[in-house]
Each structure stands twice: as structure tokens, then as C-alpha cells.
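# sharing a model that was predicted from the sequence below.
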Amino acid sequence: MTNETIAIRHDWTREEASSIYSQPFPDLLYQAQTIHRATFNPREVQRSTLLSVKTGGCPEDCAYCPQSAHYKTGVERHSVLPVEVVRSKALQAKEQGSTRFCMGAAWREVKDGKDFEAILDLVREVKSLDMEVCCTLGMLTESQAERLREAGCYAYNHNLDTSPEYYGEIISTRTYEDRLKTLSNVRKAGMTVCCGGIVGMGEKADDRLGLLVQLASQEVHPESVPLNMLVRVEGTPLAEGGKVDPLEFVRLVATARIMMPYSMVRLSAGRTEMSDEMQALCFVAGANSIFAGEKLLTTPNPGEDHDNKLMKRLGMNFREHKECHSSIAA
Ligand code: SAM
Ligand code: DTB
Ligand code: SF4
């Protein structure tokens, strides 16, 4: 590992991103791995566990999402889960080695009142178990963001999903600007930001790079960048569609690592469709976090056994301690 400080830039252009992304594969991986080694322990992967604390019936029309009320996907709806249920899921996640517990709600936005109070109780409870708490609840006002942070929420997930110009092809019920506003409210309130996107929605490579440029242009880079490979769910408009080229996905991971050297890059949805070899290449390209457990929010995920075996085969290990940041100073 080197002690070299890697510059953090916020002025990446799409042309630069494209020339990084399009390099010969060995050069791209070498560049990404060199940066990864300077900013993180390259053998270590952090685990987060997801739980859908309020499922289905969402008024938004995100074309990829099994929880949208606009599509018939067979997802079973439920309102906010009781504290005891969430507590035991979080404890189980902790026992299985996750350092972060992420609670998701199928809402367009948080509304003040009973449900939000219930979420704040869940946040306090999980925080008391000494885990990093993350929430993803849709749009937030400044004061709601403030209250979440006060309750102990460490990170907020809110994805930009794709480039600004492709966004309208995927979602019509909110705008890119809406998303950016919530991200700014989260930042102002002092929570860390988890923000990334989805690959495989019919977008071009240029849209994927457009997303990375947006993320890297934020005043502070998102501490966590989840890269999801679309999980095609029957009943959603994106149920049918071509496969993502695994090597293009690896290229995107490497480009994200190079553009946001100190951010955690999360290999998120879609791992059940990825070979072990593809995941290994993603780790070499700089991915250093995964979602653990048999389920994401509503769809399957490789279980603990599979992931443990994979780490062993790769001679890598899972991070035991909290703080999903680079331990090497920027
Ligand atoms: N409703 C909130 C929101 O949209 O921000 C929180 C929950 S939402 C399910 C969280 C994220 O999951 C979305 O922003 C999207 O990026 C991702 N996601 C949803 N469905 C997916 C799918 N089928 N494949 C991959 N990622 C998906
Ligand atoms: C993120 O970017 N991916 C996670 C987390 N943030 C909330 C969610 C993936 C959801 C996949 C579809 C599902 O399981 O419902
Ligand atoms: Fe799904 Fe979130 Fe979109 Fe609702 S806002 S449809 S839960 S991705």
C-alpha cells in the first residue's frame, strides 16, 4: 500500500470519464487498482444488510421497481414493521457480520406524522445495537433530514439512477432536480450520502458515465456509491431486456473508483446474476462493499454461505468494524 494522497476532483467531464472507461482493459484495471490500494485496504469488503420496513404500493412509477403501485408484480404489501421485528432482523444481520443496517420504505416522500415517528423509533433502536444505520425513504425535507440524523441515522440512500437526460425514460413522477434537492438536504443535516444508480435499463454507456459525472460533481462525493445491475422483475416495464455485458459493468466500477477515490463502491443489486469471476473482477476494479443476506428489499441475493466461500476463494476478508469510509486520510 502506498501513502500517496490521491486528489479528489469535482470537475470531471464526460469526455474524461469516457477516455478512462474506454482504455484497454488491463490499463483501466491497473489504474483503478492502484488508486484503490492508495485509499483502501484492497483485500477487505464491507457488508450491509437491507430490510424493507414498508413494502409495496409506492405511488412513483420507476420502471425498474417491483414496489411501484403502477405495476402488477405480486409483491406483498405491508405497512411499517414493528420495532421488535426490525430489532431481531438487525441483530441477526450483526451476528452475520454486517456493519450497516439499511431500512427501506416504498414511499415517494416522507410525510410527517405516525409513520415517520415509527421510522425514527426504528432508527433509535438499530443505533442502540451499535450498527451504522442507513435509511432510504424517498424524498426528504430539510427538517425531516435533521430529525433523522438526530435519531442516529448515519447514512441516507437516494439514487440518481442514470444520466439526467435518460431519467425521464425511466421515471415520470419526479425529476432529477427533486432527487438533487433531497441529496442536498441530507448533506446539510450532516448525514453521509449513499447515492448511485442502475445499469441495464436500456441506457447507453454515455448515460452510465453521465451518472458518474453527476455523482463526482457533488460538492462532497457520496461516501457510498451503490452500482446496481437491474434485477428484472416480471410485471415491471423493464422485465424484458438484454443482459448487461459483465466486462462493461467492471469497466464502470473501475471508472467509479478512479473518479471517486475515497468513496465506498457498492456492488449492489444483481449479484445473483453475476458469476463469481465477474464479482472478483469488480473487487479488483475497486468495489469494496456488498449487500449481505438472502434478500435485498424484495428480490433474492446470494446468501451468507456463498459470499463466505467467495471471499475464501479470493483470499479476501470481510470488514469487521464500522465506519464505511476510507481509513486512509484524503
Ligand atoms: N422509495 C425510495 C427511493 O426510491 O429512493 C427507497 C427505496 S428504492 C427501492 C431504493 C433503490 O433501489 C432505488 O433508487 C433503485 O435504484 C433501487 N432499485 C429498485 N428496484 C431495483 C431493481 N429491480 N434492480 C436494481 N435496483 C433497484
Ligand atoms: C441500492 O442502490 N440498492 C439497494 C439499496 N440501495 C436500497 C436496493 C436494491 C433493490 C433491488 C430490488 C428489490 O430487492 O426490491
Ligand atoms: Fe420503487 Fe422507490 Fe421508485 Fe417507489 S420511489 S417505485 S419504492 S424505487
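Structure received. Residues are numbered from 1 along each chain as shown. Ligands and ions are numbered 1, 2, ... in the order given.

# is Ser52 in a helix, a strand, or coil?
Recorded secondary structure, Ser52: strand (DSSP: H, G, I helix; E, B strand; the rest coil).

# that one touches Cys102, doesn't it?
No: in this structure Ser52 lies outside contact range of Cys102 using Cβ atoms under 8 Å: 9.9 Å. All C-beta spots, glycine's among them, are computed from the backbone N, C-alpha and C.

# what about the two, which has more around it?
Applying other Cβ atoms under 10 Å to Ser52 and Cys102 shows that Cys102 carries more neighbours, namely 28 against 20.

# and Ser48, what element?
strand 44-54 (DSSP states H and E).

# show me where the chain dips below the pLDDT cut-off.
1-4, 322-330 (pLDDT under 70).

# could you tell me which residues of it lie near ligand 2?
50, 66, 102, 104, 136, 157, 159, 196, 226, 228, 231, 268-269, 296-299 (Cβ under 6 Å from any ligand atom).

# now list the buried members of the residues you listed.
If you count burial by 16 or more other Cβ atoms under 10 Å, the buried members of the residues of the chain next to ligand 2 come out as 50, 66, 102, 104, 136, 157, 159, 196, 226, 228, 231, 268-269, 296-298.

# now, these that are in strands?
Leu50, Cys102, Gly104, Thr136, Asn157, Pro226, Asn228 (DSSP state E).

# show me which of those residues is closest to Gly74.
Gly104 (18.2 Å; Cβ to Cβ).

# and that closest one, what does it touch?
The contact partners of Gly104, by Cβ atoms under 8 Å, 6 or more residues apart in numbering, come to Leu50, Leu51, Ser52, Val53, Lys54, Cys135, Thr136, Leu137, Asn157, Leu297.

# now with 7 Å, please.
Leu50, Ser52, Val53, Thr136, Leu297 (Cβ atoms under 7 Å, 6 or more residues apart in numbering).

# include distance to ligand 1 when you put those into JSON lines, please.
Below are the contacts of Gly104 laid out as JSON lines (distance: Cβ to the nearest ligand atom, whole Å):
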{"residue": "Leu50", "distance to ligand 1": "9"}
{"residue": "Ser52", "distance to ligand 1": "8"}
{"residue": "Val53", "distance to ligand 1": "10"}
{"residue": "Thr136", "distance to ligand 1": "4"}
{"residue": "Leu297", "distance to ligand 1": "5"}
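
# who in the stretch 1-150 of the chain is up against ligand 1?
Cys58, Tyr64, Cys65, Gln67, Gly104, Ala106, Trp107, Thr136, Gly138.

# got it, and the stretch 201-330 of the chain?
Asn228, Leu230, Val231, Val233, Ala269, Leu297.

# list the contacts of whichever residue of the stretch 101-250 of the chain sits closest to ligand 2.
Nearest residue of the stretch 101-250 of the chain to ligand 2: Pro226, at 3.4 Å (Cβ to the nearest ligand atom). By Cβ under 7 Å, 6+ apart, Pro226 lies in contact with Asn159, Cys194, Gly196, Arg266, Ser268.

# ok, which pair from the residues you listed is furthest apart?
Most distant of those, by Cβ to Cβ, are Asn159 and Arg266, 10.9 Å apart.

# shared neighbours, these two?
Gly196, Pro226.

# what about the helices in the stretch 151-300 of the chain?
Assigned helices in the stretch 151-300 of the chain, in chain order: 164-170, 176-189, 205-217, 246-259, 276-284 (criterion: DSSP state H, counting those that start in this stretch).

# deepest-packed of those, please.
helix 246-259 (a mean of 24; mean count of other Cβ atoms under 10 Å).

# which neighbouring elements make contact with that one?
Packing partners of helix 246-259 (3 or more Cβ pairs under 7 Å, 6 or more residues apart in numbering; DSSP states H and E): helix 14-21, helix 25-39, helix 205-217, strand 224-229, strand 264-267, helix 276-284.

# try 8 Å
helix 14-21, helix 25-39, strand 197-199, helix 205-217, strand 224-229, strand 264-267, helix 276-284 (3 or more Cβ pairs under 8 Å, 6 or more residues apart in numbering; DSSP states H and E).

# angle of the fifth one against helix 205-217?
It refers to strand 224-229. Strand 224-229 and helix 205-217 meet at an angle of 170 degrees, taking axes from the mean of the first three to the mean of the last three Cα atoms, to 10 degrees as the criterion.

# please apply the same query to the longest one.
Calculated by the same axes, to 10 degrees, helix 25-39 forms an angle of 20 degrees with helix 205-217.
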